[in-house]
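> Have a look at this prediction, sequence included:
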Amino acid sequence: MNRYTILIADDDSSIREVLSVLLENEGYNVLQAENGQRAVEETAGRSDIDLVILDIMMPGMSGIEVCGKIRETSSVPVLFLTAKSREQDKVEAYTEGGDDYLVKPFSRTELLMKVKSLLRRYKEYQSGAQVKDGIGTEDEAPVTIDKEKREVFCGQKKIPLTDKEYEILKFFMDHRGETVDNKALYEGVWGEKYLPSGGNTVMVHILKLRRKLEKEAGIFNLIKTVWGKGYKVD
């Protein structure tokens, strides 16, 4: 049985120890980083880390900066664990590539649910990317999605998307021609009950996906905004 490896980055040693005990009791391997720089070094030097739990408020390099650095070399899921709960803090965290957000104080059950959800999605992403000769490619839109390999192309050029960006684009392709609102997109992609704050999460991820499609493939307006209703891909 595969034992997932989780890196905990927090300058508070007591929090690291509590989380380590909790996760190790669930069967996970746990690594610790006492600051942001160490977290960047750990993720850059290893390929077997499956999840990073990252505090935002750390001296020196903040968790937001750390996440940006990690995203330069890795698509490993990042769960922000922080006392900051303002909407702007969440938007900033997601903009830098964070996958989920948990505000202190948190319950053991809530933490483990988010950890398991992120690991499950990452496992699906990795296993799908290793399949050869993918099938089920959508070829009627400006971009093509290979659902077996979980890869996206514009012509022969592969577009580098994060797991969440791929899931969002796939959701739109599966609902091509339909207007999709925030609630449907959030519950379909994140697999969680939609709350009002989820609208900002959706907005940030779609903005990043649009920018990437424009920069990497020169594709504009693939995801159309239907004002007052949601989004649509024709």
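Done, it's in. Numbering: from 1, shown residues only.
> What sits closest to the residue nearest the centre of the chain if chain neighbours are left out?
With distances taken as CA atoms, centre = their mean, residue 99 lies nearest the centre of the chain, 3.1 Å away. Leaving out its chain neighbours, the residue that sits closest to residue 99 by CB to CB, 6 or more residues apart in numbering is residue 77, at 4.5 Å. The way it works is simple: take the backbone N, C-alpha and C, and place the C-beta from them, glycine included.
> what about that neighbour, neighbour count?
Residue 77 is flanked by 26 other residues according to other CB atoms under 10 Å.
> now it: how far from residue 98?
Distance check for residue 77 against residue 98: by CB to CB, to the nearest Å, it reads 9 Å.
> do residue 91 as well
Distance, residue 91 to residue 98, using CB to CB: 10 Å.
> Residue 36 now?
According to CB to CB, residue 36 stands 14 Å off from residue 98.
> and what of residue 107?
To residue 98, residue 107 is 20 Å away according to CB to CB.
> The two - which one has more neighbours?
When residue 107 and residue 98 are compared for neighbours, residue 98 comes out ahead with 26 against 9, by other CB under 10 Å.
> just checking, that one touches residue 78?
Yes - using CB atoms under 8 Å, residue 98 is in contact with residue 78, at 4.9 Å.
> so how far is the longest helix seen in the chain off the chain centroid?
Looking across the chain with DSSP state H, the single longest helix is helix 108-129. Centroid displacement of helix 108-129 relative to its chain, using CA atoms, centre = their mean, to the nearest Å, is 10 Å.
> helices or strands up against the following helix or strand past that helix?
Next along the chain after helix 108-129, taking DSSP states H and E as the criterion, comes strand 144-146. With contacts taken as 3 or more CB pairs under 8 Å, 6 or more residues apart in numbering; DSSP states H and E, strand 144-146 sits against strand 151-154, helix 163-174.
> Partner strands of the shortest one and their direction?
Using DSSP bridges, the strands paired with strand 151-154 in its sheet are strand 144-146 (antiparallel), strand 157-158 (antiparallel).
> deepest of those strands, which one?
Highest mean neighbour count of the strands paired with strand 151-154: strand 144-146, a mean of 20 (counted as mean count of other CB atoms under 10 Å).
> all helices for this protein, in order.
Secondary structure of the chain (DSSP H): helices located at 13-25, 36-45, 63-70, 87-95, 108-129, 163-174, 182-189, 198-217.
> The fifth one to helix 182-189, inter-axis angle?
Helix 108-129 and helix 182-189 are oriented at 70 degrees to each other (axes from the mean of the first three to the mean of the last three CA atoms, to 10 degrees).
> tilt between helix 108-129 and helix 163-174?
Interaxial angle of helix 108-129 relative to helix 163-174 (the same axes, to 10 degrees): 70 degrees.
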